[in-house]
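*Asks:* got a predicted model here, sequence first, then my questions.
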Amino acid sequence: MKQPAAEDLPAPIPAPQPAPIPSPQPSPPPSIHIPTQLTVLSMTDGNVFVMKSGTDTWMEAQVGMTLEIGDTIKADDNSSAEITFFEGSTIGLEAGTEIAVAALDLAKDTGTTTILLKQEIGKTISRVTKLADSASRYEVETPAVVAAVRGSNMVVYVGEDGTTFICNIRGLIWAIAQGVELQIPEGVCGFTIPGHAPQLQSPPDGGGGGSVPRTGYGGQ
């Protein structure tokens, strides 16, 4: 019997190939928040003290001292100090002022910054650089209110009973208490009594808003 020529034979059916297995895609990195180590006490004048986190002892403050979450700083009578934060903002402490560092946070993936301070008494002057994004925060919390700023200069004064005055030197500032967010216009002060909502301060003549008090910083 004549054998069929090779060209007359049907083409072989190729064996099925397994479907390629897709390479696993790496998950997006989580938002990593780290406390900065670049917040320092940049100026002292007179008797300034620091209580480091986890201790109950006041130590004499030194210019260049690194400040961390949980540290408390106070300036005695006739004394003052200034803190420079990792992103360039500063806060000045006038005589008789005590503040604590509640949060220093930097999100490495987004650059979002968080600076939270607690002011128990006295007067501070904050000069806040333009924040990195809408999620960034710079806030000063007192017994009565939270002062939230965005690229602003402000004065915060806390009396012995916790009553707080927030004065807007320049920029955008809000006073937040009792579920109320009050924006304070430039050149105006607001005040908050503990347990009450914030309100704008009326000057003696009954006009618009309270005038900004003079401070020992920046010629204000």
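*Replies:* Arrived safely.
*Asks:* what helix or strand is the residue most central in space within the chain on?
*Replies:* For the chain, the residue nearest the mean C-alpha position is I115 (2.2 Å; C-alpha atoms, centre = their mean). Using DSSP states H and E, I115 falls within strand 113-127.
*Asks:* quick one: buried residues of stretch 121-137?
*Replies:* 121-128, 131, 136-137 (16 or more other C-beta atoms under 10 Å). C-beta here means a position set from N, CA and C on the backbone, and glycine is covered the same way.
*Asks:* before we move on, what about stretch 178-188?
*Replies:* Result for stretch 178-188 [16+ other C-beta under 10 Å]: buried residues 182, 184, 188.
*Asks:* endpoints of it, how far apart?
*Replies:* Using C-alpha to C-alpha, to the nearest Å, one end of stretch 178-188 lies 21 Å from the other.
*Asks:* could you give the mean pLDDT of it?
*Replies:* Stretch 178-188 carries an average pLDDT of 96.
*Asks:* ok, back up a step: I99: which of the buried residues of stretch 178-188 is nearest?
*Replies:* I99 has its nearest neighbour among the buried residues of stretch 178-188 in I184, at 19.9 Å by C-beta to C-beta.
*Asks:* returning to that earlier point: list the contacts for the residue nearest to the centre of the chain?
*Replies:* Contact analysis of I115 by C-beta atoms under 8 Å, 6 or more residues apart in numbering lists 85, 87, 89, 103-105, 137-139.
*Asks:* likewise for V180?
*Replies:* 197-198.
*Asks:* where does confidence bottom out across the buried residues of stretch 121-137?
*Replies:* Out of the buried residues of stretch 121-137, that is L131, at 80.
*Asks:* that residue and G151 touch, don't they?
*Replies:* Yes. Under the criterion of C-beta atoms under 8 Å, L131 makes contact with G151 at 6.1 Å.
*Asks:* beta partners of the residue nearest to the centre of the chain?
*Replies:* L104, Y138 (DSSP bridges).
*Asks:* quick one: pLDDT of it?
*Replies:* As predicted, I115 sits at a pLDDT of 94.
*Asks:* from L93, how far off is it?
*Replies:* 15 Å (C-beta to C-beta, to the nearest Å).
*Asks:* same deal with D71?
*Replies:* From D71 over to L93 (counting by C-beta to C-beta), the distance is 13 Å.
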